[in-house]
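Participant: return atomic coordinates for the entry below.
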Amino acid sequence: MIKLLIEYSKEFELERIESTINRLDWYLSNKYSLSSLSFPKNIDVDNLKEIKKEELVEAVGEEYDESKFVTTAESIVQMYEKYEVKLEDFIKSIGLSVIPEVKVSLTNYGIGGSYHLPNEIIVNINRFFSIGLIRNILHEIIHLHIQALIDQYKISQWNKETIVNLLFEKAFPEIYKEPNIPMDTTKIRKIFEENFPNIKKVISLISE
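Facilitator: Numbers count the residues shown, from 1 in each chain. Sure thing, here's the model as predicted:
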């Protein structure tokens with residue numbers, strides 16, 4: 001099974017805000033809107049790069065509610081049980097090695113979800129609730145499993161997201177939700193459908 005290790009802390013909240021500000025130019029250049037990022041309520045989002053660390057520490061301290069994280073973590077564990085076997089079977093079915101343990105960091109800030117190799121995902125619990133929360137976690141876990149191929153074939157950001165969405169649709173059609181992608185995905189979908197489940201071939205053809 002792919003075991004989830006759920007973590008959260010006030011220190012991580014501060015790290016998440018700082019890393020989001022540091023990557024702000026990347027987000028905006030890749031067609032993410034400022035409204036898709038979460039920050040503490042008292043922060044001036046029009047001057048993010050001018051904010052001092054002391055202000056961030058204070059803002060996090062005012063909003064941090066550990067009981068919210070505890071409740072959310074319990075909900076994730078309960079919901080994940082329904083999908084963990086199917087997730088592992090799907091990863092194996094497309095010829096990839098299963099990551100046995102995934103660290104799930106919960107946060108109130110930043111983008112909706114992100115991931116870091118080899119086995120960490122970050123989930124914004126202000127952006128997703130209930131089934132949307134588990135959908136986000138499954139999405140990010142798929143990202144982790146295909147990232148080596150994404151790097152190998154130098155796949156662009158939105159092509160990568162489209163591949164993950166198509167994989168998710170195959171794996172969990174009952175909870176799949178069509179995302180808003182800022183590009184025409186017709187060509188990628190055609191390549192995917194013609195070559196699935198050979199995910200390496202799919203990604204290699206998309207890179208051409």
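
Participant: quick one: mean pLDDT for the longest helix that the chain contains?
Facilitator: Counting by DSSP state H, the longest helix found in the chain is helix 130-152. Here helix 130-152 scores 96 as its mean pLDDT.

Participant: list the buried residues in that helix.
Facilitator: In terms of neighbour count (16 or more other CB atoms under 10 Å), helix 130-152 has its buried residues at 133-147, 149-150. (Each C-beta comes from the backbone N, C-alpha and C, glycine too.)

Participant: again, but for stretch 91-98
Facilitator: In stretch 91-98, counting by 16+ other CB under 10 Å, buried: I91, I94, L96.

Participant: now, which of these sits nearest K41?
Facilitator: Of all the buried residues of stretch 91-98, K41 sits closest to I91, with 38.6 Å by CB to CB.

Participant: for this structure, what spans make up the helices?
Facilitator: Going by DSSP H, the chain shows helices at 10-22, 24-29, 53-63, 66-80, 84-93, 130-152, 157-171, 186-195, 199-206.

Participant: can you list contacts of the fifth one?
Facilitator: Outside helix 84-93, the residues that touch it by CB atoms under 8 Å, 6 or more residues apart in numbering are 1-2, 97-98, 138, 141-142, 145, 167, 170-172, 197.

Participant: in CSV: those, plus distance to K190.
Facilitator: Formatted as CSV, the contacts of helix 84-93 follow (distance: CB to CB, whole Å):
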residue, distance to K190
M1, 34
I2, 30
S97, 28
V98, 28
L138, 24
I141, 26
I142, 20
H145, 23
L167, 15
K170, 15
A171, 19
F172, 22
P197, 16
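
Participant: name the nearest of those residues relative to V57.
Facilitator: I141 (31.3 Å).

Participant: what about that closest one, distance to K103?
Facilitator: Applying CB to CB, to the nearest Å, the value for I141 to K103 is 11 Å.
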